[in-house]
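A.B. asks: model this:
(chains A, B, C and D)
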2 protein chains.
Amino acid sequence: MSAVGLRERKKEKTRLALLDAALDLFLEQGYESTTIEQIAGVVEVSPRTFFRYFTSKDHLVLWFHDHGEELLLEEFAARPADEPPFTSLMHGLRAMVDDMQGSTPEDTERFLKLRQLFDKYPHLVGQSVARGAMTETRLAEAVAARRGVAPEDDQLTYLIVAFAMSTMRIGFECPRRETTMPEIVSRISEAIALAEASLRPGWDTRPAA
Amino acid sequence: MSAVGLRERKKEKTRLALLDAALDLFLEQGYESTTIEQIAGVVEVSPRTFFRYFTSKDHLVLWFHDHGEELLLEEFAARPADEPPFTSLMHGLRAMVDDMQGSTPEDTERFLKLRQLFDKYPHLVGQSVARGAMTETRLAEAVAARRGVAPEDDQLTYLIVAFAMSTMRIGFECPRRETTMPEIVSRISEAIALAEASLRPGWDTRPAA
DNA sequence: TGACTTCTGGCACACTGTGACAGAAAGGTG
DNA sequence: CACCTTTCTGTCACAGTGTGCCAGAAGTCA
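C.D. replies: Numbers count the residues shown, from 1 in each chain, chains lettered A, B, ... in the order given. As a prediction, the model looks like this:
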């Protein structure tokens, strides 16, 4: 008997198999033209079971998002409370970058395939951004707590979070033609530097109106 | 025979009837629990016809978005070419606000109902943000043209557009408890002022790297 | 081994969204 | 008015997504 049970290992294996099968099929024959039945077929699992691993077809493509969101929230919480919030969020982004650099070759490959998909189907970028809006809400709560205000009373809280998420998106999405991990990582660093240079010092520590 | 034919007037009437029926049903019995069949039933139209007016259920909720996007693009194009791009985009936002103030009571009511819906179903905010991502792409092309660069080569172009869209979202969404048009309008102005005060002068006119 | 929990497959089902075609309605012409 | 053309509408059929339900298989633990 191992540290994690056979059941859990099997589940994780199935989850990744479904994800990989889906990514390959999407790139081969298109996102819309690929059905759940096909994906499940490759992994030799019933379509019904697919929905027990991923809540929807779109959810497949947002797989990396869940992970990144947790990382960002954790890193923000771990930063000193007197640090300007935008600075903390940029540290969160750097933590995501570090995590990507330390990931397995399999995960890297999945990430690069996802980028290809986003490039090919702009509709999926929309899905990703929509998911980002949920993350913004959670981040806004954390930032508001640090600023000592109720999030819905303070536009600056939302502006800080929105600008940070914008920076993240620019880093990941622009430009999309980069195809290797080091290139992408350096683009994200560039975006962070660009954002920091564009904002007025102390803008994110002003008291609520 | 009038300026616009009977056919077109009828179409517009049906479109608005479907929209109004949908908004009321969504608020009454929930977004998910409302079916296309019900919406079409209220207007006494076949479900098949519904899809000839709106491409999907979500499209109903993005109705105002299409209008706002055109307005923003037009206003940007109309601004002097030597004006800093972010300034032009903020003028675009003000044009949207002016348009809202000049709209009919019916349109105002629709807009306020939509806000209630967004407040109740965060999922719809995601849809709206996703649509905003498409707008960003179009705006980025316009901004890049003015900056004299290819959009995919210039992160700053995307950052300008993303920050502008963030400002718009903050203005519209935060805080959501406001219930009258003048209150909302003043919130958007507030968001614009906040964004402008947060950014370093000249940040959006730096040459591409 | 046996009891317990969790996962899986199969079935039925409601709903969204699309293609195809026939008929109704509007617009234009003599 | 009759006629033809164009556009809109309803009906039917269908593929695909996503969910509730239940019986049985498989992993877990004593």
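A.B. asks: contacts and neighbour counts: CA atoms only from here.
C.D. replies: Fine.
A.B. asks: show me the contacts for A:Ser33.
C.D. replies: By Cα atoms under 8 Å, 6 or more residues apart in numbering or on different chains, A:Ser33 lies in contact with A:Phe26.
A.B. asks: dihedrals phi and psi, it?
C.D. replies: Dihedral angles of A:Ser33 (phi, psi; degrees, to the nearest 10) stand at phi -80, psi -10.
A.B. asks: state the distance from it to A:Leu27.
C.D. replies: For A:Ser33, the distance to A:Leu27 equals 11 Å [Cα to Cα, to the nearest Å].
A.B. asks: does A:Pro207 sit in a helix, a strand or a coil?
C.D. replies: Recorded secondary structure, A:Pro207: coil (DSSP: H, G, I helix; E, B strand; the rest coil).
A.B. asks: now do the helices in chain A.
C.D. replies: Assigned by DSSP state H, the helices in chain A fall at A:6-29, A:36-43, A:47-53, A:57-61, A:63-78, A:85-101, A:105-120, A:122-147, A:155-173, A:181-198.
A.B. asks: for the second one, buried residues please.
C.D. replies: If I follow you right, that is helix A:36-43. Within helix A:36-43, the residues that qualify as buried are A:36, A:38-40, A:43, counting by 16 or more other Cα atoms under 10 Å in any protein chain shown.
A.B. asks: again with the third one
C.D. replies: Within helix A:47-53, the residues that qualify as buried by neighbour count (16+ other Cα under 10 Å) are A:50, A:53.
A.B. asks: and that helix, is it in reach of DNA strand C?
C.D. replies: Yes. Counting by Cα under 7 Å from any atom of the strand, DNA strand C is contacted by helix A:47-53 at A:47-49, A:52.
A.B. asks: how about low-confidence regions in chain A?
C.D. replies: Scanning chain A for pLDDT under 70 picks out A:1-3, A:209.
A.B. asks: residues contacting the residue nearest to the spatial centre of chain A?
C.D. replies: Compute the mean C-alpha point of chain A, and by Cα atoms, centre = their mean the closest residue is A:His65, 2.9 Å away. Residues near A:His65 by Cα under 8 Å, 6+ apart: A:128, A:131.
A.B. asks: now A:Phe202: how far from A:Glu141?
C.D. replies: Let me fix one detail, which is that residue A:202 is Gly and not Phe. Plainly put, A:Gly202 is 20 Å away from A:Glu141 if you go by Cα to Cα.
A.B. asks: who has more neighbours out of those two?
C.D. replies: Of the pair A:Gly202 and A:Glu141, A:Glu141 is the one with more neighbours under other Cα atoms under 10 Å in any protein chain shown, namely 18 against 10.
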